[in-house]
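> model this:
(2 chains)
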Amino acid sequence: GDSVTQMEGPVTLSEEAFLTINCTYTATGYPSLFWYVQYPGEGLQLLLKATKADDKGSNKGFEATYRKETTSFHLEKGSVQVSDSAVYFCALSKGSARQLTFGSGTQLTVLP
Amino acid sequence: DVKVTQSSRYLVKRTGEKVFLECVQDMDHENMFWYRQDPGLGLRLIYFSYDVKMKEKGDIPEGYSVSREKKERFSLILESASTNQTSMYLCASSLSAGSYEQYFGPGTRLTVT
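Got it, this is the predicted structure:
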């Protein structure tokens, strides 16, 4: 079945450092790919998405490019802030209701 | 503003009890979902519904059932709660079959003792 493999955490960075969180997927067909973010005590929020190969999703300084040849969707940000501390989930969607398959999540802590 | 609400933030139940988790969305969304979130496992889909009275099993439906009598409400039922169902439960909704974005509620942390 479909699956998403995400970089193990936790990740701790200093403010203004460069962030990469790796994500690879296994799926038949052409899934859409997502990054969701969960801030402490809250539900998940969509951070960015890409619906076809070579699409780049971007939001709030975060970017990820849908790479079909490497089945990857790595999340990057050039300069992280303390407010970016959260859990980040990579996910793919397929199926009649576009149901999501999630990775295990990566806890990011940014220190001032 | 988009809103998905869940009936409780924290719930403590005893083994063998019947447990109801309620989710309500106010966006007239077609699709609704129930996930459980466990450390190191991410979110796993339990059940989803694409219309009133319609439901489909997700990846881990065993021990759960669902009910969707009205479009805005999707209930998750644990017929006989067990300790391995202690988890965070998240409800989500999305507009239609072609919609990509799911909107999540804040979650219910269920502890079964």
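
> from now on I want contacts and neighbour counts done on CA atoms only, so please keep to that.
Noted.

> any idea of the pLDDT on A:S96?
At A:S96, the model reports a pLDDT of 68.

> equivalent analysis for A:D2, please.
At A:D2, pLDDT is 87.

> how about it: what's its closest non-neighbour residue?
A:A27 (4.6 Å; Cα to Cα, 6 or more residues apart in numbering or on different chains).

> do A:F102 as well
Looking at A:F102 with Cα to Cα, 6+ apart, the closest residue is A:A91, at 4.3 Å.

> tell me the SS of that neighbour?
Three-state assignment for A:A91 (DSSP: H, G, I helix; E, B strand; the rest coil): strand.

> what's the neighbour count on it?
29 (other Cα atoms under 10 Å in any protein chain shown).

> what's the answer for B:G105, then?
There are 23 residues near B:G105, going by other Cα under 10 Å.

> so it is in contact with B:S7, correct?
No - B:G105 lies out of contact with B:S7 (Cα atoms under 8 Å); the separation is 9.9 Å.

> give me the common contacts of those two.
Contact criterion Cα atoms under 8 Å, 6 or more residues apart in numbering or on different chains; residues shared by B:G105 and B:S7: B:C23.

> could you pull out the strands for the chain?
Since you didn't name a chain, this refers to chain A. Applying DSSP state E to chain A gives strands spanning A:3-6, A:11-14, A:19-21, A:23-26, A:32-38, A:44-50, A:56-59, A:62-65, A:75-77, A:86-94, A:99-102, A:106-111.

> other chain: chain B
With DSSP E as the criterion, chain B has strands spanning B:4-6, B:10-13, B:19-25, B:31-38, B:42-51, B:54-57, B:64-70, B:73-78, B:87-94, B:103-104, B:108-112.

> partners of the shortest one in the sheet?
Its sheet considered, strand B:103-104 pairs with strand B:87-94 (antiparallel) by DSSP bridges.

> circling back: state the pLDDT value of the residue nearest to A:D2.
90.

> the closest residue to B:Y64 other than its chain neighbours pairs with what?
Sequence neighbours aside, B:L78 is the residue nearest to B:Y64 in space, at 5.0 Å (criterion: Cα to Cα, 6+ apart). Beta bridges link B:L78 to B:V19, B:Y64 when assigned by DSSP bridges.
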